[in-house]
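Engineer: model this:
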Amino acid sequence: MTTLRRVLLIYTLVMLGLWILPAFFAATIRPDEIGVRHSNFSGVLERDLEPGWVMRLPGAHKIVALPRGYRFLDYSAEENSEGQQLQIRTKDNNTVFLDVSVPYRVKPGEAWQLVRSGNHQRDADGRFKFERLAGETTISVLRERLAELSSADFYSTEKRLAIALPARDALNAKLAELHVEAELVLIRAVSFRENYETQLQQIQLNEQKKLLDEASKDVANEQQKLDNYVQDTEARARSLEQHWIERRSGLERAYQVGVIDVGQETEPGVARKRLEATTPEERLELVHRAATALEIPNPEQTESLGDAYLLGIRNIEAETLEYDRRVRAEADGIGARLTAEGAAMVAEVRGAYEGELNALLNSSAGRAYVAWKAAENVKFDETLTFQSSDGIPAILQLRMFAERFMGR
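Structural biologist: Numbers count the residues shown, from 1 in each chain. I've put the predicted structure just below:
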């Protein structure tokens, strides 16, 4: 039991130490804070502390936590958070009411300098002193810089944006003494007094109409350029199309008709006869003419042009059709003559055959054969009645019956 008590005592002391030590010797800096250690003996530590636990000695060290993220200064034509209105007197002596937002933050790495200057203290309203000073500095710089604009400049987006960047740089130059920096100066809204606002709206409307007229003019000019480009493109397309049609027609004529001039003669074979009658020089000239018409620039291909390219498809088809008709007519004539001769020979043979057959059938044996074939077709009734004057049925008189079949 003594050992167990000792273990429990040690465990209790350790757990109590783990609870007491962080509470007295460590401070927690949240992720949205910047920590600064202030010593009662050596002063402010010259570096910022990152989020997490930091060591401190009770009674000797104090950890100051400053906001890490951006804070906003919002100004409007109405009462702002500081009880002031942001009104600017323009160059042309008009009063303009502005809605402005300025995001700012403590400069990274300079929080310890801010603490050393004492601007980390809180005012009676609970704000940091540097926040109040930053607001006062911002009001002063904005009134100084934005007063450089005229009334007409305030309703020009480009000019407002152009003044915002120099205003931010001038503001940061002033805020550097407070160890804070502004991200940008955002002018959210602009308004004038009611009577001047009406006039200004009319001026803005006129400016917008002017811009609209200029834009319409630019659109008309660009549309004219587009129309000219389209028309020029269509004209070029039609020209190229006509050129390709002419080339296609020339090639088709060269392939279809050839290069041999036959004049008014349209009979098949005239072009070949004239080609066969040409001299070598004339043939060479025809070959070069065909190469030009067929757009063949290669000399080797030019030399290989044969009669088919010189005659053309139409002439070759005409010769082929004429040859086909002529050969078919000759074949039809020969076929008809041979058919007639064959029919005559068949008739002669058939006549001789029928003569011999009739001669054979006219003989005794032939008549007997005919009678025999005729007897095959005779059919008697199933019930026969015999009546004869001599008492013998005629069917039993076979000789007389056979002679009658033989025509005797």
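Engineer: how far away is residue 134 from residue 251?
Structural biologist: Using Cβ to Cβ, to the nearest Å, we find residue 134 at a distance of 85 Å from residue 251. Using the backbone N, CA and C atoms, a C-beta is placed for each residue, glycine as well.
Engineer: the more surrounded of the two?
Structural biologist: The neighbour count for residue 134 versus residue 251, taken as other Cβ atoms under 10 Å, is higher for residue 134 (24 against 13).
Engineer: tell me which stretches of the protein form helices.
Structural biologist: 2-25, 111-117, 129-146, 151-154, 157-175, 194-257, 270-276, 280-293, 299-303, 307-311, 313-362, 364-375, 398-405 (DSSP state H).
Engineer: the longest one to helix 313-362, inter-axis angle?
Structural biologist: Translated: helix 194-257. Interaxial angle, helix 194-257 versus helix 313-362 (axes from the mean of the first three to the mean of the last three Cα atoms, to 10 degrees): 50 degrees.
Engineer: now helix 194-257: average pLDDT?
Structural biologist: Across helix 194-257, pLDDT averages out at 84.
Engineer: which neighbouring elements make contact with it?
Structural biologist: For helix 194-257, the packing partners by 3 or more Cβ pairs under 8 Å, 6 or more residues apart in numbering; DSSP states H and E come out as helix 151-154, helix 280-293, helix 313-362.
Engineer: name the surrounding residues that touch stretch 193-210.
Structural biologist: Outside of stretch 193-210, the residues within contact range by Cβ atoms under 8 Å, 6 or more residues apart in numbering are 94, 95, 151, 152, 155, 191, 192.
Engineer: longest strand in this structure, please.
Structural biologist: strand 95-106 (DSSP state E).
Engineer: strands paired with that strand, and their directions?
Structural biologist: Using DSSP bridges, the strands paired with strand 95-106 are strand 71-75 (antiparallel), strand 87-89 (antiparallel), strand 180-182 (antiparallel), strand 186-192 (antiparallel).
Engineer: return the set of buried residues in the first one.
Structural biologist: For strand 71-75, the buried set under the neighbour-count rule, 16 or more other Cβ atoms under 10 Å, comprises 71, 73, 74, 75.
Engineer: same list (the residues you listed) but as JSON lines, adding distance to residue 53 and pLDDT.
Structural biologist: Putting the buried residues of strand 71-75 into JSON lines (distance: Cβ to Cβ, whole Å; pLDDT from 0 to 100) gives the following:
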{"residue": "71", "distance to residue 53": "26", "pLDDT": "88"}
{"residue": "73", "distance to residue 53": "33", "pLDDT": "87"}
{"residue": "74", "distance to residue 53": "35", "pLDDT": "86"}
{"residue": "75", "distance to residue 53": "39", "pLDDT": "83"}
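Engineer: closest to residue 121 among the residues you listed?
Structural biologist: Nearest to residue 121, judged by Cβ to Cβ, of those is residue 71 at 16.5 Å.
Engineer: I'd guessed residue 28 sits against residue 65; true?
Structural biologist: No. Contact criterion Cβ atoms under 8 Å: residue 28 and residue 65 do not qualify, at 9.1 Å.
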